[in-house]
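Enquirer: The following comprises the amino acid sequence and a computationally predicted model.
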Amino acid sequence: MVSEVGPDSESKDWAVRGQGRANVVFGYVGTVAILGGKVLRVAKRKTDKAGQRDKHRALRDAVWAGVPGMLLQDQMVESWNYMHNVIGPVLGKRFVSDGLIVDVPMSLWSGLNLEERGFLLPDSTLFSESAINGCRVKGPIMSIELKPKCGFLPSCSAENPKGNIPKFALQQKLKLKQGRIDSYSQYNPLDMFSGDPERMKKAFYELLKTPQNNLRLFLDGKAVPVGASGLLDPKVGQLVESAIASSVGNTEAVGWDVLIDMLIRMLLKEGILERILSLQKLDRFDIEGIYPIYQKLMGLSDAELEELADLEGDPRCFESTSADTLLLEQCVCVRKGGAGCRQTVDGPDTRNKSAGSDSACHSFDRNGNCGDESCAEHRQLLHSVRDYLIAATAKDCSVFLTFRGVSQEKGKNNEEEEDACGSGGSSYGDECRLLDLGSKRVLYKVVVADLDIKHVSKIPNHFAVDRTIQDLFEGPLNKGKVAE
């Protein structure tokens, strides 16, 4: 439910917890009880040239006109609808926090060039009292924030490096060359998405070595500082050993091995990476195919874009269905050419059954009133851009895995404990589950965050970065060698 309720607090009551290119996240440190255990997520103000802004707004309206609740002229409500009515049905609504739209204290946003409203959300690194719901918990609350990144490879021509090197690795080379990172990460998202526990374990350890902003550890809601050896720093290791011992007792395995094993079991049990991947695979053309589509649509007049938006929003031309059907069963017009990419996959859990076959372009007019052939083509292009933007959200999301030990051992009053523990939930979707660890158990939850709408105005930037990355490669047949 969306609520226009401003937090009764001052800027001193909020401390920066983290920030990315688009948002700043504040944690509440004040004394107002109702705000305890909450975070405030506020978008940074966007800059765009006036003429381009108007054109991009017209294209944006045309792209999203067919999706209910996305053209309300209120960006915050549109963002809420996007998270819960577009992304949520595919991921599973219990994985998406049900935040409130709130007014941000003026003293907070005015000095940081932020928007005046934000989302008040439950802290994904903590448990609410209602979530614990009678569970006899013990030990600190441990939480891992994982940015899994893109889990598949596009299928490209022989000279295109993207066909055999994950996008994450290509971006690492570019960031290293530009001085934006100090060391190259060997993390491979294809391992994380593979569904193979051994490959997933390797992926986690690579992130521990070089976490950057792709893996963060929290203890009782506080971020653990990264040491000289990443999160594998001995001091961090001692904290992990102590926390694991308090939560699940002493084990023969090393603390990190126990933690990673639990994280992998949570991910596989919930199937959340498969759901994220299904959204990522909506990108059927890669940026090389989407950029020409973007250019063609931007070449239309405002009147033509407005007409397309009207058709998209006309119920006679589009039969509204549930959001997951809308996303996963759309017709896509495939256009081949040059060294453009189509998606392919690696591993048993990254199969794309539609890859390698072109879908026929069907008219979206179910009553024969959708306009001429050119109009139908433009609408298909709009759907391709929409799919690309949804996929971009899934490629940039975060997954929080949060857990705490349970005092009751398995086998002692197990039925009563099962009924009380892990059955909780709050109005924020803070739903928890139990994970068996032999004679021990932990209470855990999985939350997917950073589910922002990606703006159509960013497509030229995506294409420019893609060109720069490919320029790093030496020769047309470099066999994956990157120029240093």
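Expert: Structure received. Numbering: from 1, shown residues only.

Enquirer: What's the end-to-end length of stretch 218-227?
Expert: By C-alpha to C-alpha, to the nearest Å, the extent of stretch 218-227 from end to end equals 14 Å.

Enquirer: Pull out the buried residues from it.
Expert: For stretch 218-227, the buried set under the neighbour-count rule, 16 or more other C-beta atoms under 10 Å, comprises 218, 219, 221, 224, 226. Every residue, glycine included, has its C-beta placed from N, CA and C.

Enquirer: State the distance from the most centrally placed residue in the chain to residue 113.
Expert: Nearest to the mean C-alpha position of the chain, by C-alpha atoms, centre = their mean, lies residue 397 at 1.6 Å. Going from residue 397 to residue 113 by C-beta to C-beta, to the nearest Å gives 24 Å.

Enquirer: mind showing which ranges of the stretch 51-200 of the chain have poor pLDDT?
Expert: Along the stretch 51-200 of the chain, the parts satisfying pLDDT under 70 run over 51-52, 130-131, 133-134.

Enquirer: Would you map the helices across it?
Expert: Assigned by DSSP state H, counting those that start in this stretch, the stretch 51-200 of the chain shows helices spanning 75-81, 88-91, 106-109, 129-132, 167-177, 189-192, 197-209.

Enquirer: Of all those helices, which one comes closest to residue 374?
Expert: Closest to residue 374 of the helices of the stretch 51-200 of the chain is helix 75-81 (C-beta to C-beta; 28.7 Å).

Enquirer: ok, residues contacting the closest one?
Expert: When contacts are defined by C-beta atoms under 8 Å, 6 or more residues apart in numbering, helix 75-81 is touched by residues 2, 68, 69, 70, 71, 72, 99, 101, 117, 119, 452, 453.

Enquirer: I'd assumed residue 13 was in contact with residue 32.
Expert: Yes. At 7.4 Å, residue 32 and residue 13 qualify as touching, with contact defined as C-beta atoms under 8 Å.

Enquirer: ok, those two, which is more surrounded?
Expert: Neighbours per residue (other C-beta atoms under 10 Å) separate residue 32 from residue 13, with residue 13 holding more: 19 against 12.

Enquirer: need the contact list for the more buried one.
Expert: Going by C-beta under 8 Å, 6+ apart, residue 13 touches 28, 29, 30, 31, 32, 35.

Enquirer: Closest to residue 151 out of those residues?
Expert: Nearest to residue 151 among those, counting by C-beta to C-beta, is residue 28 at 33.6 Å.

Enquirer: Disregarding residues adjacent in the polypeptide, which is nearest to the closest one?
Expert: Nearest residue to residue 28, sequence neighbours excluded (C-beta to C-beta, 6 or more residues apart in numbering): residue 35, at 4.6 Å.

Enquirer: Distance of that neighbour relative to residue 13?
Expert: Relative to residue 13, residue 35 is positioned 8 Å away (C-beta to C-beta).

Enquirer: hmm, back to that, PyMOL command to pick out the buried ones of the contacts of residue 13?
Expert: Those of these that count as buried under 16+ other C-beta under 10 Å are selected in PyMOL with:
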select buried, resi 28+35
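
Enquirer: For the contacts of residue 13, give me TSV that also has pLDDT, secondary structure and distance to residue 18.
Expert: Formatted as TSV, the contacts of residue 13 follow (pLDDT from 0 to 100; DSSP: H, G, I helix; E, B strand; the rest coil; distance: C-beta to C-beta, whole Å):
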residue	pLDDT	secondary structure	distance to residue 18
28	88	strand	14
29	86	coil	15
30	86	coil	19
31	86	coil	23
32	85	coil	22
35	86	helix	18
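
Enquirer: Dump the contacts of residue 13 to TSV, plus distance to residue 204.
Expert: Shown next, in TSV, are the contacts of residue 13 (distance: C-beta to C-beta, whole Å):
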residue	distance to residue 204
28	30
29	31
30	35
31	38
32	37
35	33
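
Enquirer: Near residue 110, how many other residues are there?
Expert: Other residues near residue 110 come to 12 when the count uses other C-beta under 10 Å.

Enquirer: contacting residues around it?
Expert: If a contact means C-beta under 8 Å, 6+ apart, then residue 110 has no contacts.

Enquirer: Dihedrals phi and psi, it?
Expert: phi -70, psi -40 (degrees, to the nearest 10).

Enquirer: Tell me how far it lies from residue 30.
Expert: To residue 30, residue 110 is 19 Å away according to C-beta to C-beta.

Enquirer: go on, residue 388?
Expert: Separation of residue 388 from residue 30 (C-beta to C-beta) stands at 41 Å.
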